[in-house]
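**Student:** one predicted model, sequence on top.
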There are 2 protein chains.
Amino acid sequence: MGKEKGDGKGNFQLKVPKGTKDWEGKDMIIRDKIFSSITKVFKRHGAVTIDTPVFELKEILSGKYGEDSKLIYDLADQGGELCSLRYDLTVPFARWLAMNSSVQNIKRYHIAKVYRRDQPAMTKGRMREFYQCDFDIAGTYDPMLPDAEILRITCEIFHELGWDGKFTIKINHRKILDGIFEVCGVPTDKMRTISSAVDKLDKSPWEEVRREMTEEKGLEADVADRIGEYVVLKGSKELLQKLQADERLNANASAKQGLEDMALLFTYLESFSVLKNLSFDMSLARGLDYYTGVIYEVVTEGSAPPTSSDQKPEKTASKPRKPADGEEDRSNDPSVGVGSVAAGGRYDNLVSMFSGKQQIPCVGISFGVDRIFSITKQRLAADASSAPIRTNEVDVFVMAFGGKGFDGLLPQRMEVARRLWDAGVKAEFSWKVKPKLPQQFKAAEVNGVPFAVILGEEELASGKCKFKEMGLPEGHAEKDGVLIEMADLEREVKTRIESAGQTADATNRVQDMSLAQ
Amino acid sequence: MGKEKGDGKGNFQLKVPKGTKDWEGKDMIIRDKIFSSITKVFKRHGAVTIDTPVFELKEILSGKYGEDSKLIYDLADQGGELCSLRYDLTVPFARWLAMNSSVQNIKRYHIAKVYRRDQPAMTKGRMREFYQCDFDIAGTYDPMLPDAEILRITCEIFHELGWDGKFTIKINHRKILDGIFEVCGVPTDKMRTISSAVDKLDKSPWEEVRREMTEEKGLEADVADRIGEYVVLKGSKELLQKLQADERLNANASAKQGLEDMALLFTYLESFSVLKNLSFDMSLARGLDYYTGVIYEVVTEGSAPPTSSDQKPEKTASKPRKPADGEEDRSNDPSVGVGSVAAGGRYDNLVSMFSGKQQIPCVGISFGVDRIFSITKQRLAADASSAPIRTNEVDVFVMAFGGKGFDGLLPQRMEVARRLWDAGVKAEFSWKVKPKLPQQFKAAEVNGVPFAVILGEEELASGKCKFKEMGLPEGHAEKDGVLIEMADLEREVKTRIESAGQTADATNRVQDMSLAQ
């Protein structure tokens, strides 16, 4: 944290709770830029936003997260209802849909904090309080069309963030996986637990996953080996064709349906120019139980352990393989392994868990904003050419100077500031009655304020003041500023700010801050 | 709530926790407009934002809220630190300042939810989870300058919201109040409790407050009557002059200091054109203990009980007055009495409660966004001329039509949508393989989408498609749309949207939605 400090008073620790942080300064600017990039894409696709309470009735959350339920934060029982902090944004959305039965379809996004009593790993962006940014499409449509649009939106978002060429969408289908498990001979009651084991392939080598399947979960060794032959596979359309040619799989109803879905999806993704970012990856299983169709996960440079390409199962592997030198150490390297930066899938049955009356099919994705933030910040730090980030947006600092007997011109500075504010100009002045000129310049420079309006008694007497662009080089004709008419103050200032091409308009400034490398 | 519904499954209630709500649809748009109006003003004055965790260590909050501490939500003790949900944004800000001793001055704003286990009154905008929007200035400056800027910012915000002429800033000074209590003979140990009683004058008549002072709090009757002579007073500069001429008050050090502060503040507020919105009101006391200087509260039409002008003390009142007919009923009228819409003051000692090492003077204001929202919504509903509010921002609906054997042109619709998205245009198309034309028009109309791109096989064969502005009157030359070149699609669409003067740019659309009457 670097922020825990001894107490100044009393004997309590002056800190934020474990796994939480204060957002401030340049981090806030980077974070808001990420939020606005993402929101812009959602709105381009017609999304609306809803905002649910930070806590839900405890029973709304129970039975939704399997083993992870132990990570839910409960509120104390202070009389009244028992409540828990939301664990994600998906269950509250499903609860909202169930409560609002007049809504039969919606594209909604929601950017908000969620809460998990997990072991924090701050440097990897794993916190107890962290932001999620969810986009979901609810409603009955023709197959795979909303699914395709979600993946298109995902590509647009990482494009907006400047990650072109730096991210991969891993995709799979629950029905294909289930079909593979059936074909390989996994008993029905072991399907989900074996799926969970497969899901660990992005972090553990096949040997370990195989051992978990056979030793911990009692799967027959030859069944595990048959699974191993499938989950090693990854590719694109050619893999789909290979699987469609697999007779065993096609004889299985679930796999067949999944493969048909994927074939249709690939056609749509081609229209949407998304295929180039896709990896059809049979080792992707996703932990959550509620997925019923396509599942996907976005990884980027540094978001997966560096050994991930080495840890695929060897076809004949049947004995534990020792981790190669350095593997264990690297997993603690804060620069790697922040996990996926977005993930989601289709979940057609979640809403009916709340309301048996209605069944609303849904498909969605959740962006791990804190992880995206961590990676963005590292990339910006590594890029010496990136422009410095200002934390406020003031355009004009109103100053005054004078010789002996100078009274500070406070009423005049206030009057000028008021006129500029009335005209919508972002302006500050020193909150001192008699500030020294160097102090005023320093205050402007600290915040990178680009312009100054400088008041002097002589100039004011002749109805003028000085307008100065800060940081002009020595020898520049306007280095010392130019005289402008006080009567024309607002128009002069606005025109000059614009013509200097340095308007500090919030949106522009933030959008100009490139997050790309 | 109107949202509590029977359970569809299991036997739990499908609802949100008491005193909380889901934000959705047009409410979200109005709320975001309020947030963006407020944020725009803060940024105009050079403010930055910080974001603190939703919960704090329990001990950070304890001892800060007096009697109201019982309203704090605690998290359950699940092992580890004891935490509570934040009760306001001021204490977390003071904690942040104490932790970050390198920050000696800052103008920060923070818009976020806070939590109070109060009895909810939803129609009056009183919730258990609600938004606060705080602006505070921390740092040592020349007297009353930051205080004046806070009040200027307050006026600019209500101006942005379209409330000109509809709000009043009530202002007072803790040191003047303390001086009055001393002069009137209130014992030192009764100062704060008598101040709390005075604070109730906006809700209760003087007789009741007097009874509380004398019967419940043991104040001598003549002391209470002397207080009553002062707290009836309200006005502007002339009241300040009257009090400055009061010899008893000027002999009191505290009152003298407070009156000097107010005189200086009035000078500054004149420069800032704020005086017209001000009411110097001696009955304003503010409940919280931590204020040390100026205090203020913003009220608007309908934000105070309608009897407030009647309930000022009569000079000789000494016996209980019966409430006039209707008074009790009106207090339950949901259209009145939502309380103040913003409030704050100077608190110079709060930061040192966390860190004895440093003392950072602060002055701030908190805007009750939910109350502002409730009033805005009522005013919009009452104003038949206000434009309908769209909930999404899509500009173009991509459609297709055809005769017998029409295949839906799905790949073509997807291609067009992709091209528009790539060009930054907000666009949708129907997620059906073969949608009927009326269905497509209906989908566009439901969301108020202003334009359509319509694909037909014949037009496509000649490299063209149709661009149509929705809702043109019968007889208009372009009622049926105009043909445009597919090769020129993006440029044509963008130009035509702009020239129709109906660009659905998020900012413009929201800013165009006038919240004023």
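**Tutor:** Structure received.
**Student:** so where's the stretch 251-400 of chain A uncertain?
**Tutor:** A:302-338 (pLDDT under 70).
**Student:** and if we set it to 80?
**Tutor:** Scanning the stretch 251-400 of chain A for pLDDT under 80 picks out A:287-289, A:301-339, A:355-358, A:384-388.
**Student:** quick one: name the residues of it near chain B.
**Tutor:** Counting by Cβ under 8 Å from any Cβ of the partner chain, the positions of the stretch 251-400 of chain A adjacent to chain B are A:267-268, A:271-273, A:352-358, A:391-394. All C-beta spots, glycine's among them, are computed from the backbone N, C-alpha and C.
**Student:** narrow those residues to those in helices?
**Tutor:** A:T267, A:Y268, A:S271, A:S352, A:M353, A:F354 (DSSP state H).
**Student:** nearest to chain B, of the residues you listed?
**Tutor:** For these, the closest approach to chain B (Cβ to the nearest Cβ) belongs to A:S271, at 3.9 Å.
**Student:** immediately after the lowest-mean-pLDDT helix or strand in chain A, which helix or strand?
**Tutor:** Here the helix or strand of chain A ranked lowest by mean pLDDT, DSSP states H and E is helix A:327-330, holding a mean of 30. Scanning forward in sequence from helix A:327-330 by DSSP states H and E, the next helix or strand is strand A:342-347.
**Student:** partners of that next one in the sheet?
**Tutor:** strand A:294-300 (antiparallel), strand A:362-367 (antiparallel) (DSSP bridges).
**Student:** now distance to A:G403 and mean neighbour count too, for these, in TSV please.
**Tutor:** Output for the strands paired with strand A:342-347, formatted as TSV (distance: least, Cβ to Cβ, whole Å; neighbours: other Cβ atoms under 10 Å in any protein chain shown):
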stretch	distance to A:G403	mean neighbour count
strand A:294-300	60	24
strand A:362-367	59	24
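**Student:** just put the ones you listed in a markdown table and tack on distance to B:D51.
**Tutor:** Shown next, in a markdown table, are the strands paired with strand A:342-347 (distance: least, Cβ to Cβ, whole Å):
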| stretch | distance to B:D51 |
| --- | --- |
| strand A:294-300 | 25 |
| strand A:362-367 | 18 |
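**Student:** quick check: closest non-adjacent residue to the residue positioned nearest the centre of chain A.
**Tutor:** Centrality entry for chain A: nearest residue to the mean C-alpha point is A:V369, 2.0 Å, by Cα atoms, centre = their mean. Distance criterion Cβ to Cβ, 6 or more residues apart in numbering or on different chains; nearest residue to A:V369, sequence neighbours excluded, is A:Y131 at 4.1 Å.
**Student:** next: A:M399.
**Tutor:** A:Q440 (4.2 Å).
**Student:** kindly report the same for A:Y347.
**Tutor:** Going by Cβ to Cβ, 6+ apart, A:Y347 has A:Y290 as its nearest residue, at 4.5 Å.
**Student:** for B:F181, state which of the ones in helices among the residues of the stretch 251-400 of chain A next to chain B is nearest.
**Tutor:** Using Cβ to Cβ, A:F354 is the member of these that lies nearest B:F181, at 56.3 Å.
**Student:** neighbours around the closest one, how many?
**Tutor:** 23 (other Cβ atoms under 10 Å in any protein chain shown).
**Student:** A:I360 is in contact with that one, correct?
**Tutor:** No: in terms of Cβ atoms under 8 Å, A:F354 does not count as a neighbour of A:I360; the distance is 10.2 Å.
**Student:** which residues are in contact with both of the two?
**Tutor:** Common contacts of A:F354 and A:I360, defined by Cβ atoms under 8 Å, 6 or more residues apart in numbering or on different chains, comprise A:L97.
**Student:** related to what we said a few turns ago, contact partners for the residue nearest to A:M399?
**Tutor:** A:F397, A:M399, A:A400, A:F401, A:S430, A:A452 are the contacts of A:Q440 under Cβ under 8 Å, 6+ apart.
**Student:** filter these down to the buried ones and hand me the PyMOL line.
**Tutor:** For the buried members of the contacts of A:Q440, the matching PyMOL selection, counting by 16 or more other Cβ atoms under 10 Å in any protein chain shown, is:
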select buried, chain A and resi 397+399+400+401+430+452
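**Student:** what ranges does the stretch 101-250 of chain A have for its helices?
**Tutor:** With DSSP state H, counting those that start in this stretch applied, the stretch 101-250 of chain A shows helices at A:145-160, A:174-184, A:191-199, A:206-211, A:221-231, A:237-244, A:247-250, listed in chain order.
**Student:** equivalent analysis for the stretch 351-500 of chain A, please.
**Tutor:** According to DSSP H, counting those that start in this stretch, the helices that the stretch 351-500 of chain A contains are A:369-382, A:410-422, A:437-446, A:457-461, A:489-499.
**Student:** hmm, back to that, so the residue nearest to A:M399 versus A:W431, what's the distance?
**Tutor:** 11 Å (Cβ to Cβ, to the nearest Å).
**Student:** also A:E238?
**Tutor:** 68 Å.
**Student:** count of neighbours near the closest residue to A:Y296 other than its chain neighbours?
**Tutor:** With sequence-adjacent residues excluded and distances taken as Cβ to Cβ, 6+ apart, A:Y296 is closest to A:I171, at 4.5 Å. For A:I171, the count of nearby residues is 26 (other Cβ under 10 Å).
**Student:** surely A:I171 touches A:A285?
**Tutor:** No: look at A:I171 against A:A285 with Cβ under 8 Å: they stay out of range, at 11.9 Å.
**Student:** can you check which residues contact both of those two?
**Tutor:** By Cβ under 8 Å, 6+ apart, A:I171 and A:A285 have these common neighbours: A:I295.
**Student:** now A:G80: closest residue in space that isn't a chain neighbour?
**Tutor:** Sequence neighbours aside, B:K18 is the residue nearest to A:G80 in space, at 6.5 Å (criterion: Cβ to Cβ, 6+ apart).
**Student:** who touches that neighbour in this structure?
**Tutor:** Counted by Cβ under 8 Å, 6+ apart, B:K18 has contacts A:G80, A:E81, B:P120, B:R128.
**Student:** give me the element it is part of.
**Tutor:** Short version: B:K18 belongs to no helix or strand, going by DSSP H and E.
**Student:** just the pLDDT for it.
**Tutor:** Looking at B:K18, its pLDDT reads 95.
**Student:** now render the helices of the stretch 351-500 of chain A as CSV, adding distance to B:V299.
**Tutor:** Below are the helices of the stretch 351-500 of chain A laid out as CSV (distance: least, Cβ to Cβ, whole Å):
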stretch, distance to B:V299
helix A:369-382, 39
helix A:410-422, 24
helix A:437-446, 35
helix A:457-461, 39
helix A:489-499, 32
